[in-house]
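Q: all I have is the shape, not the residue letters:
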């Protein structure tokens, strides 16, 4: 099954050494979800030949410019490409106010619906939901995870729903009607030819549901470990090396080792680090410091895709 | 003398085929002026190794996103690069309102002064100035030229002031005091050893003042010919080829042949065409149509510099 993320930008606040600002595309069974949209994201789509028309949902983690200054241009380009499909936009509430002003003065009218949902709205109600579901369909749900940063900021957790059981074709009785097949896939025993057939005799367990978590800008924060628990792939920002731990704390960012510690404590299977400070031309040092704590770490490299 | 423009973006509304949206840097004696700032302009600075810290003045022609969606990010990056020198920003009045909102929600405080001057303000007064001077120093003045487009839009004319006369060193009487040298440079005759010496006997004409005009988005508009007259280099948008003349008119843009006709009628010496529609992968057709009308035409190619 196709479930991966493609990195479009791996740089922190400033682009540097050919690295763009934060953006990535999650592909789940050929449905594309855009996470953050730093300046130049639409240029990266062209560079890496990603069909941006297949993006149905955009999630913006917070309103620091390096995470969303490419959004207005992307929305305009969608319009000029004759997009008609609705676009779901999950972003901080103020996003709409800024876009509206930009489009007012440029006389821009998008010819497709933008269904805007402020992320703050999902945290209302009693009791306050901790990791509310922003969106879901039959296969997948996407939750918001509060980050601890200098602006309101959220990460996004992509969680597959439990998969149907797999039928062992060679063991199936002939001519079994479709509704009974459906029951088998859903784990039920069936009645056939006046016999009860145990589900386990005709099926095996379905594929294990996968989980991908994108942790945008955040200081080291153990409070979110339970929300990341068991992720098959965790993206966590790693702006600095360990000698900048105090700077990281001050600026509400993380070091590579801190990202790795979070991956380790939340028992994730793989870690992807990104959001690299412009002070680092070479990234080997960041990778080594993370791998010392959590060996299954990779660098978020632009244009590369990482399986969940 | 160093007077040239470097193209950072040559694409029209949408980036295409590796071409970025409109932006260029005018270098006048190592002083840098940025004209428009499409998305990704700060990435282009890095790509083409242009020292953006030397930019003292930014001019934004109008508020279509492809001409200024890179500005907010550039201003932020200047701040993060510890800029302290003031930045002069000449742009439509609404620019400030939008930037202020963006910076409010991102808690951005720029650590250097931005001296914002709405271009509209220069067109006030009685009689209304036709091509007001936005900025000048001893060597150069920069004027605004109204374009005819679907939004309020201006071009920018860079006009060198008359140059001082050049002294013929070998003809100078010995020990001539500095104030008399100054008079000679300014074209005056001098009194020396009880003799009147004619200026022409000791000097030759100074370098001819150069003129560069940047015509951002505009429909074919003969009304601006007098403002372009005699430019050493004219940049004129050329969004379409001739078979799209009606579309050009409808969308308030120009064809390559129309740009060339304006260059011809205004007796410019060289023409640079840009703002190419995303419909054209190859640009030879646009160049040929322009050269048929005005042979001294070149394509605005990204990363290339063009002498004024």
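A: Okay, I see it. This is a predicted model, so every value here is computed, not measured. Numbers count the residues shown, from 1 in each chain, chains lettered A, B, ... in the order given.
Q: domain map for chain A?
A: As given by automatic domain parsing, the domain ranges for chain A are A:3-163+A:207-307, A:166-204.
Q: which one, of the ones you listed, ends up nearest to chain B?
A: Across the domains of chain A, chain B has its closest neighbour in domain A:3-163+A:207-307 (4.3 Å, CB to the nearest CB). Quick note: C-beta positions are derived from backbone N, CA and C, even for glycine.
Q: tell me the mean pLDDT for the closest one?
A: The predicted model gives domain A:3-163+A:207-307 an average pLDDT of 97.
Q: please, where are all the helices along the stretch 101-250 of chain A?
A: Ranges of helices in the stretch 101-250 of chain A, per DSSP state H, counting those that start in this stretch, are A:178-185, A:199-202, A:225-228, A:245-250.
Q: most tightly surrounded among these?
A: helix A:225-228 (a mean of 17; mean count of other CB atoms under 10 Å in any protein chain shown).
Q: off-centre distance for that helix?
A: 15 Å (CA atoms, centre = their mean, to the nearest Å).
Q: try stretch A:105-121
A: On the basis of CA atoms, centre = their mean, stretch A:105-121 sits 21 Å off its chain's mean C-alpha point.
Q: got the end-to-end distance for that stretch?
A: 28 Å (CA to CA, to the nearest Å).
Q: which parts of it are buried?
A: Judged by neighbour count using 16 or more other CB atoms under 10 Å in any protein chain shown, the buried positions of stretch A:105-121 are A:105-106, A:108, A:116, A:119.
Q: point out the residues in chain A that sit beside chain B.
A: A:13-16, A:18, A:20-21, A:39-40, A:42-43, A:46-47, A:63-66, A:69-70, A:72-73, A:76-77, A:80-81, A:92, A:94, A:97-98, A:101-102, A:105-108, A:150-151, A:278 (CB under 8 Å from any CB of the partner chain).
Q: right, and residue A:261 touches residue A:220 too?
A: Yes - if you go by CB atoms under 8 Å, residue A:261 and residue A:220 touch, sitting 7.4 Å apart.
Q: end to end, how far does stretch A:87-95 reach?
A: End-to-end distance of stretch A:87-95 (CA to CA): 15 Å.
Q: buried residues, that stretch. List them.
A: Applying 16+ other CB under 10 Å to stretch A:87-95 flags A:87-92, A:94-95 as buried.
Q: quick one on the thing from earlier: buried deepest among the domains of chain A, which one?
A: domain A:3-163+A:207-307 (a mean of 19).
Q: for the domains of chain A, which one sits closest to residue B:55?
A: Shortest distance between residue B:55 and the domains of chain A, using CB to CB, is found for domain A:3-163+A:207-307: 15.7 Å.
Q: start to end distance for that closest one?
A: Using CA to CA, the two ends of domain A:3-163+A:207-307 sit 6 Å apart.
Q: what's near enough to touch residue A:10?
A: A:19-20, A:22, A:274-276, A:299-302 (CB atoms under 8 Å, 6 or more residues apart in numbering or on different chains).
Q: try it again at 7 Å.
A: Counting by CB atoms under 7 Å, 6 or more residues apart in numbering or on different chains, residue A:10 touches A:19, A:274, A:276, A:300-302.
Q: want to throw these into TSV with distance to residue A:129?
A: Converted to TSV, these look like this (distance: CB to CB, whole Å):
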residue	distance to residue A:129
A:19	35
A:274	27
A:276	32
A:300	29
A:301	35
A:302	34
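Q: how about these in a markdown table, adding secondary structure?
A: As requested, those are arranged in a markdown table below (DSSP: H, G, I helix; E, B strand; the rest coil):
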| residue | secondary structure |
| --- | --- |
| A:19 | strand |
| A:274 | strand |
| A:276 | strand |
| A:300 | coil |
| A:301 | coil |
| A:302 | coil |
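Q: so where does the residue nearest to residue A:102 when sequence neighbours are not counted fall, helix or strand?
A: Computed as CB to CB, 6 or more residues apart in numbering or on different chains, the closest residue to residue A:102 that is not its neighbour in sequence is residue A:72, at 5.2 Å. Following DSSP states H and E, one finds residue A:72 within helix A:71-80.
Q: next SSE downstream of that helix?
A: strand A:87-91.
Q: show me the contact partners of that next one.
A: A:56-60, A:78, A:112, A:114-117, A:119, A:134-135.
Q: just these: which are in strands?
A: Judged by DSSP state E, the contacts of strand A:87-91 include A:56-59, A:114-117, A:134-135 as members of strands.
Q: spatially, which two of the residues you listed are the most separated?
A: Greatest spatial distance in those: A:114 and A:134, 15.5 Å, computed using CB to CB.
Q: possible to save the helices of the stretch 101-250 of chain A as JSON lines with distance to residue B:194?
A: Formatted as JSON lines, those follow (distance: least, CB to CB, whole Å):
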{"stretch": "helix A:178-185", "distance to residue B:194": "115"}
{"stretch": "helix A:199-202", "distance to residue B:194": "122"}
{"stretch": "helix A:225-228", "distance to residue B:194": "94"}
{"stretch": "helix A:245-250", "distance to residue B:194": "74"}
